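Peer 1: Quick one, what's the 3D model for this:
(chains A and B)
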Amino acid sequence: MDLELSDDQVALRDEVRRFLAERLDSAALRRCIEMPGAVDHDLWKELGHMGVFGLTVQEAQGGVGLGLAEAAIVFEELGRAAVPGPLVASFLAASCVEGAARGEVIVGAVEEAQPAVVENIDGLDLLLVLRPDGVRKTEPPHGRRLARPLDPLTPVHHVAELPMGEQLGGAEVSARLHQEAGLLIAALQVGLGQAAVSLATEYAKQRAQFGRPIGGFQAVKHMLADAHVWVDVARAAVHAAAVALDEGEGADAIETCGVSSARMVASRAAARATSTCVQVHGGMGYTWEVDAHLYLKRVAVLDVAFGTNGAALEQRAASLVSR
Amino acid sequence: MRLRPTSEDVTFRDELRQWLASVLPELTPGPAPDDWPAQRTYDTAWQRRLYDAGYAGISWPAEYGGRGASPSQELIFLEETERAGAPYVGCNFVGTLHAGPTIAAEGTPEQQEAHLRPILRGDHVWCQGFSEPEAGSDLASLRTRAVRDGDHYVVSGQKIWTSHAHVADFCELLVRTDPDAPKHRGISWLIMPMDSPGVDVRPLKTLTGVSEFSEMFLDEVRIPVANRVGPQNDGWRVAMVTFGFERGTAFVSELLRSMVLVEDLAQLAGARDGGSAWADQSIRHDLAIVAAELDALWAYTKRNVSRAAHQGSAGYGGSIFKLAYHETRQLLGEVAMRVLGRDALALRDASGGSDFDHVEERLYSLSLSIAAGTAQVQRNIIGERVLGLPKER
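Peer 2: Residues are numbered from 1 along each chain as shown, chains lettered A, B, ... in the order given. I've put the predicted structure just below:
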């Protein structure tokens, strides 16, 4: 048992973090708002080249051959940089859609619902449709673009009817993809929560009122401490869930932290951290200019991606009485 | 990262399980929680069994009679003993987890010889004399005075929240040896025999209605200078030394018990009153949140233990764990009251026909944000030492 990152994992994390810090500062992030579907195609290829989407695809098939533990580490960094676009769908598609792993074919995803609200349509080459009994792929459908999306970096369309498309896999594949998606969403939310804590902490050190930095006041300090606490706990939950999936039956533990638990805890931690970030910034936190709202809104978008938190709650509740 | 155990850890767990399976059936049920003399007898007898079997002081160095095992084996020990329903550390807590490790790190060879093995064998029970009525979160402002008189200190003052004081043999006592020095620099750490003349212990009743701890009045108690651990006026540093051993395992037994509590509450919610509580989405979801947070805290415990194995200590991981854990446990307590309804109106016998004292647990959860450093003190620690925010003053 060892839930600390290995040297290789630290190196991977730092490489992705460094790349994103240079490639996607706040100005670059905001430029994505103007791109079709808010997807930066060049960035997608760069991420593909780094192996972000094909991390768990076997090397013989052109992937990196690592595990979900590494994927969770990388997706936390993607969340931390608030990278817009269908990151999770592209990761899921890497093993079954030609060109997805390299970031050359941009794949979105939606759960079947009629009518559906579909993200990033104008930036997609392909759409995965996940249903309980299977996974299909279709051309990106047409629909009505909705004005004023919650997250300016996640444009959405209203689609009356999803095309039938082509079957990619059955119920088992769908269940596995759901599991992986839940894990990666939790990892993204940990990253967003961490970004919010870091941004708010730096602000609290600089911003002075009553003649001293506001971070010295316990009212502010304690909010930030609580935000940090739960992001750190959620990170461990995500790592444990990822490792448990990687190790399968062989995992230690009479109890491992499941994906549904990791997802709930990460969601709550990220919601707390991002709203704390808005509050600590005071009036500036309520402006478009400060990135706090981008983090907060992305967390909300992820809350309803690939099943909702409500579903995760019911899943964990059911497991309490099933033993 | 991996969850798979090493082969040594598998062997350790298997042997421990076999040993527990062989000894636990012989144990009588524990005494009533407020019968302290009986608790002492019970807890120390278990400690002696652990010692004889080589399971006392799992993380203590072998030279002091411990097992010198890794943090992961300490975790396995706590996990297996809890799951098997073995007795808790009970009144051996201060000796085995606080005073003992402090003497091992800072004591003289004579002090180590006199105290370490007796603690591990269950021969000596310890209590902690740190807090005072006027020195709670601001512990360093403590006022209990020790005046040097030849080869003795003469100690007068008052201590409070002293668990197990009425059954303890020794007390780890913080006293002020230099009233003129800055508050952190005039404190010394003393070993006080509890049978010294001038020690008066008066039990305090907690809000649960039982006596868990005491206040202790010290009236010109003579303590040999040879009982000082560490240099005179260096007691604050000595008191902080034990925090350096933080492996993130302080709440393992409790955490595992909490998981059982939440499962029991879910069963109760489904069984009582035609399952009306379980049909209530807000109760169901709050139970799920508690369960998920406990899962996450179990993962965090493993993270802390892993960090301790790599770096020798879990750093501030213990403070972070405690801040999250008290929130989760207090939410659990609130949900328990909603599940139990009018069955929550008595601490015993009621609880809806459960084997667990859910109401008592709910009241106990209130102490988790107060004892061993209030939540507010912990938040200052995280804010200042982890996030790097400035101090308030």
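
Peer 1: Where does the prediction get shaky in the stretch 151-300 of chain A?
Peer 2: For the stretch 151-300 of chain A, the stretches with pLDDT under 70 are A:249-257.

Peer 1: residue ranges of the helices in it, please?
Peer 2: For the stretch 151-300 of chain A, the helices defined by DSSP state H, counting those that start in this stretch occupy A:171-206, A:218-247, A:259-280, A:292-303.

Peer 1: Check which helices and strands the last one is in contact with.
Peer 2: Taking 3 or more CB pairs under 8 Å, 6 or more residues apart in numbering or on different chains; DSSP states H and E as contact, the helices and strands that helix A:292-303 lies on are helix A:171-206, helix A:259-280. Glycine gets a C-beta too; all of them are placed from N, C-alpha and C.

Peer 1: Determine which of those approaches A:Leu320 most closely.
Peer 2: When the helices and strands packed on helix A:292-303 are compared by CB to CB, helix A:259-280 sits nearest A:Leu320, at 11.3 Å.

Peer 1: tilt between that closest one and helix A:292-303?
Peer 2: Interaxial angle of helix A:259-280 relative to helix A:292-303 (axes from the mean of the first three to the mean of the last three CA atoms, to 10 degrees): 160 degrees.

Peer 1: quick one: average pLDDT of the strand or helix carrying A:Gly310?
Peer 2: A:Gly310 is part of helix A:309-321, with elements assigned from DSSP states H and E. The pLDDT scores in helix A:309-321 average 88.

Peer 1: Comparing the helices of the stretch 151-300 of chain A, which stretch has the densest surroundings?
Peer 2: With neighbours defined as mean count of other CB atoms under 10 Å in any protein chain shown, the helices of the stretch 151-300 of chain A peak in mean count at helix A:259-280, which reaches a mean of 27.

Peer 1: Restricting to C-alpha, output that helix in PDB.
Peer 2: Provided in PDB are the C-alpha atoms of helix A:259-280 (Å, rounded to 0.1, in the frame of the first residue of the first chain):
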ATOM      1  CA  VAL A 259     -15.800   6.000  -7.900                       C
ATOM      2  CA  SER A 260     -19.200   7.200  -6.700                       C
ATOM      3  CA  SER A 261     -17.700   8.200  -3.300                       C
ATOM      4  CA  ALA A 262     -14.800   9.900  -5.000                       C
ATOM      5  CA  ARG A 263     -17.100  11.800  -7.300                       C
ATOM      6  CA  MET A 264     -19.400  13.000  -4.500                       C
ATOM      7  CA  VAL A 265     -16.500  14.200  -2.300                       C
ATOM      8  CA  ALA A 266     -14.700  15.800  -5.200                       C
ATOM      9  CA  SER A 267     -17.800  17.600  -6.300                       C
ATOM     10  CA  ARG A 268     -18.600  19.000  -2.900                       C
ATOM     11  CA  ALA A 269     -15.000  20.000  -2.300                       C
ATOM     12  CA  ALA A 270     -14.800  21.800  -5.600                       C
ATOM     13  CA  ALA A 271     -18.100  23.500  -5.100                       C
ATOM     14  CA  ARG A 272     -16.900  24.700  -1.700                       C
ATOM     15  CA  ALA A 273     -13.500  25.800  -2.900                       C
ATOM     16  CA  THR A 274     -14.800  27.700  -5.900                       C
ATOM     17  CA  SER A 275     -17.500  29.600  -4.000                       C
ATOM     18  CA  THR A 276     -14.900  30.400  -1.400                       C
ATOM     19  CA  CYS A 277     -12.700  31.700  -4.100                       C
ATOM     20  CA  VAL A 278     -15.500  34.100  -5.300                       C
ATOM     21  CA  GLN A 279     -16.200  35.200  -1.700                       C
ATOM     22  CA  VAL A 280     -12.500  35.900  -0.800                       C
END
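
Peer 1: Summarise which helices and strands it is packed against.
Peer 2: Against helix A:259-280 (3+ CB pairs under 8 Å, 6+ apart) you get helix A:171-206, helix A:218-247, helix A:292-303, helix A:309-321, helix B:281-311.
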